[in-house]
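J.: I would like to see how this sequence folds:
(one chain, ligands or ions: 1)
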Amino acid sequence: MNDYEIVMGLEVHIELATQRKIFCRCKNTFAEAANTNVCPVCLGLPGALPVLNPEALSCAVRMGLALQGQINRNSRFDRKNYFYPDNATAYQITQFYEPILKGGQVEVQTEAGETKVIRIHEMHMEDDAGKLTHDLERRVSLVDFNRKGVPLLEIVTEPDFRNADEVIAFLEKIRMFAMYLGISDGKLHEGSMRADVNLSLRKVEEEALGVRTEMKNLNSFTSIRRAVAYEAERQAQVLGAGGKVVFETRRFDEADGTTKVMRTKEEVMDYRYFPEPDLLPVHLPEEYIRKMEEQMPEFREEKAERYMRELSLTQEEAQILTRHPATAVLFEETLRLWQEGAEDERPEDSETRRAKTIAARMCGDLMYLCREKKADPGQWKITPEAFAELLRMQEDGVITTKTARDVFALMFDKNIEPMVYVNECHLLITKDEDALEVAVDAVLKAQEKSVSDYLSGKEKAAGHLLGCVMKETNGQADPAAARKLLLKKLAERKAAGTM
Ligand SMILES: [Zn+2]
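T.: Predicted structure coming up:
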């Protein structure tokens with residue numbers, strides 16, 4: 001293996017989360033009853049005419065801009081002819097001769113911390129096929145055409161990858177583009193993003209590319225890593241033994257971690273591409289492109305970089321907050337609302353301080369809750385309005401930090417108005433000094449062991465006693481006042497004891 005260098009190129013399919021399918025008015029939804037979102041167009045019935053969905057077009061143009069390629073002002077569609085039971089039209093509408101995007105580049109960070117440029121060959125629009133389910137028990141195959149006609153973008157790269165880490169860094173970046181553009185949820189395991197890896201080996205120092213194999217539909221980063229490792233080793237053994245790698249399509253087997261032949265060169269189909277006669281060429285005026293450029297969002301890397309520069313967040317915080325657009329939105333909106341509702345003498349200082357507080361609550365409690373509840377970012381009920389209100393109450397000292405955290409956890413699954421909730425549940429910090437004194441006395445009486453520990457010099461025992469006081473008051477005591485009174489009473493006892 002050491003004699004060879006791995007050379008890889010990718011074909012990445014992104015399923016677009018448009019309202020409708022690409023060439024008809026059928027709904028584009030996931031996991032609905034089979035064959036409920038179908039019509040004569042996506043079923044390929046005679047005489048039905050496809051019309052390009054403008055929403056799919058705008059998704060493609062914005063992704064093209066993110067990939068920094070040349071948006072084709074005049075692209076068009078072609079027919080790729082093949083029969084398969086999940087493809088009712090017996091052809092796929094794709095862009096073969098004039099794709100929407102030519103060229104482009106994406107920068108990825110390598111393991112060594114360097115920046116590497118991956119060149120994009122092209123990107124085109126096409127429609128997805130239906131889905132086959134093989135029912136082994138009943139010995140039948142079922143077809144669901146709901147997915148037929150769902151818009152896809154296919155991004156084809158140049159053979160610029162040399163290891164699996166680069167492949168994964170690239171896919172992660174594409175996934176972030178798609179999510180921040182709002183054109184796909186980027187879920188590999190649900191098939192919203194699928195990658196085919198073309199892999200060949202060549203002798204180190206050799207220029208010419210070796211014969212490649214294509215690995216289809218790898219649907220997780222783990223599968224990609226395993227498939228690349230296996231296939232590179234397999235090819236190295238073939239070449240090492242003086243054999244030849246055969247140009248073929250291979251399927252990665254999750255169960256045993258190997259790749260198996262799907263079809264060989266002899267069987268590669270002739271798709272007989274020809275211009276799609278039912279669709280007009282797509283002409284994009286300059287003005288349209290400019291409008292799309294104006295709609296480009298701030299992507300993950302620039303965002304994370306800004307959080308560190310302007311809000312003094314750590315790199316780790318910035319990474320966590322930008323990993324999903326929903327998390328970044330909650331963070332930014334909460335900060336904006338909290339700032340707006342406050343009257344500060346020096347807003348610049350307060351912004352950094354508040355950003356830190358929000359980041360801490362989100363990177364800690366919120367991420368913990370997501371893991372605990374197996375929820376994706378954004379599946380929470382927390383709104384920036386409620387979150388900002390809760391933080392304001394904590395800042396104003398009307399609730400304790402503990403109450404704020406408890407209410408925050410409840411807000412994850414329930415629409416709670418923090419102010420109303422803490423009032424109803426009597427969680428506001430009480431200024432009732434008599435009640436506090438009763439609570440402190442009760443704790444000192446009940447916790448004899450800790451009191452004597454403290455009096456004999458173990459100062460840590462005070463922390464335990466304070467916790468007991470807070471518990472005794474249902475978290476309503478002002479922690480500073482409780483601590484002051486507790487220490488005062490302990491000091492009195494100490495003085496009494498030494499007299
Ligand atoms: Zn349809």
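J.: how much space separates the closest residue to the ion within the stretch 101-250 of the chain from Gln92?
T.: Closest to the ion within the stretch 101-250 of the chain is Gly149: 5.3 Å, counting by C-beta to the ion. Yep, even glycine has a C-beta here, placed from its N, CA and C like the rest. For Gly149, the distance to Gln92 equals 10 Å [C-beta to C-beta, to the nearest Å].
J.: wouldn't the residue of the stretch 101-250 of the chain closest to the ion be in contact with Cys42 here?
T.: Yes: assessed by C-beta atoms under 8 Å, Gly149 is found in contact with Cys42 at 3.6 Å.
J.: tell me who's in contact with the residue in the stretch 201-350 of the chain positioned nearest to the ion.
T.: Closest approach between the stretch 201-350 of the chain and the ion, counting by C-beta to the ion: Asp278, at 14.0 Å. With contacts defined as C-beta atoms under 8 Å, 6 or more residues apart in numbering, Asp278 is in contact with 49-50.
J.: that one and Leu16, how far apart?
T.: Taking C-beta to C-beta, one finds Asp278 at 21 Å from Leu16.
J.: if we can go back for a sec, A helix includes the residue of the stretch 201-350 of the chain closest to the ion, no?
T.: No: read with DSSP: H, G, I helix; E, B strand; the rest coil, Asp278 is coil and lies in no helix.
J.: show me the domain layout of this protein.
T.: 4-290, 300-424, 433-498 (automatic domain parsing).
J.: JSON lines for these, including mean pLDDT?
T.: Formatted as JSON lines, the domains of the chain follow (pLDDT from 0 to 100):
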{"stretch": "domain 4-290", "mean pLDDT": "93"}
{"stretch": "domain 300-424", "mean pLDDT": "93"}
{"stretch": "domain 433-498", "mean pLDDT": "85"}
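J.: how about the helices in the stretch 151-300 of the chain?
T.: 164-181, 221-240, 286-294, 300-311 (DSSP state H, counting those that start in this stretch).
J.: of those, flag the one that's most buried.
T.: Highest mean neighbour count among these (mean count of other C-beta atoms under 10 Å): helix 164-181, with a mean of 21.
J.: which other helices and strands contact it?
T.: strand 4-15, helix 54-66, strand 105-109, strand 115-127, strand 193-203, helix 221-240 (3 or more C-beta pairs under 8 Å, 6 or more residues apart in numbering; DSSP states H and E).
J.: turn the ones you listed into a markdown table, including distance to the ion.
T.: Listed next are the helices and strands packed on helix 164-181 as a markdown table, based on distance: least, C-beta to the ion, whole Å:
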| stretch | distance to the ion |
| --- | --- |
| strand 4-15 | 16 |
| helix 54-66 | 13 |
| strand 105-109 | 33 |
| strand 115-127 | 10 |
| strand 193-203 | 22 |
| helix 221-240 | 32 |
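J.: in CSV, list the ones you listed along with distance to Leu490.
T.: Formatted as CSV, the helices and strands packed on helix 164-181 follow (distance: least, C-beta to C-beta, whole Å):
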stretch, distance to Leu490
strand 4-15, 64
helix 54-66, 63
strand 105-109, 55
strand 115-127, 59
strand 193-203, 61
helix 221-240, 56
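J.: what is the neighbour count of the closest residue to Pro384 other than its chain neighbours?
T.: The shortest distance from Pro384 to any non-neighbouring residue, by C-beta to C-beta, 6 or more residues apart in numbering, is to Glu333 (3.4 Å). Other residues lying near Glu333 total 15 when counted by other C-beta atoms under 10 Å.
J.: phi, psi for Glu333 please.
T.: phi -70, psi -40 (degrees, to the nearest 10).
J.: go ahead and confirm it touches Met362.
T.: No: using C-beta under 8 Å, Glu333 is not in contact with Met362; the gap is 11.9 Å.
J.: chain center to stretch 71-82: distance?
T.: Mean C-alpha position of stretch 71-82 versus that of the full chain (C-alpha atoms, centre = their mean, to the nearest Å) differs by 30 Å.
J.: buried set for that stretch?
T.: 71-72, 75-80 (16 or more other C-beta atoms under 10 Å).
J.: just stretch 323-331 next, same as before
T.: Within stretch 323-331, judged by 16+ other C-beta under 10 Å, the buried ones are 323-325, 327-328, 330-331.
J.: got TSV for those, with secondary structure and distance to the ion too?
T.: Formatted as TSV, these follow (DSSP: H, G, I helix; E, B strand; the rest coil; distance: C-beta to the ion, whole Å):
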residue	secondary structure	distance to the ion
Arg323	coil	35
His324	coil	31
Pro325	helix	29
Thr327	helix	35
Ala328	helix	35
Leu330	helix	36
Phe331	helix	39
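J.: which bits of the chain sit near the ion?
T.: 24, 26, 39, 41-42 (C-beta under 5 Å from the ion).
J.: look up how far Ile93 lies from the residue of the stretch 201-350 of the chain closest to the ion.
T.: Distance of Asp278 to Ile93, computed by C-beta to C-beta: 9 Å.
J.: and for those two, which residues touch both?
T.: What both Asp278 and Ile93 touch, as defined by C-beta under 8 Å, 6+ apart, is the set Pro50.
J.: any idea how many residues pack against the residue lying closest to Glu351 once chain neighbours are set aside?
T.: Sequence neighbours aside, Gln339 is the residue nearest to Glu351 in space, at 5.9 Å (criterion: C-beta to C-beta, 6+ apart). Number of residues near Gln339 (other C-beta under 10 Å) recorded here: 15.
J.: for Gln339, what is the enclosing helix or strand?
T.: When elements are assigned from DSSP states H and E, Gln339 belongs to helix 325-340.
J.: next helix or strand past that helix?
T.: Past helix 325-340, the next helix or strand by DSSP H and E is helix 347-361.
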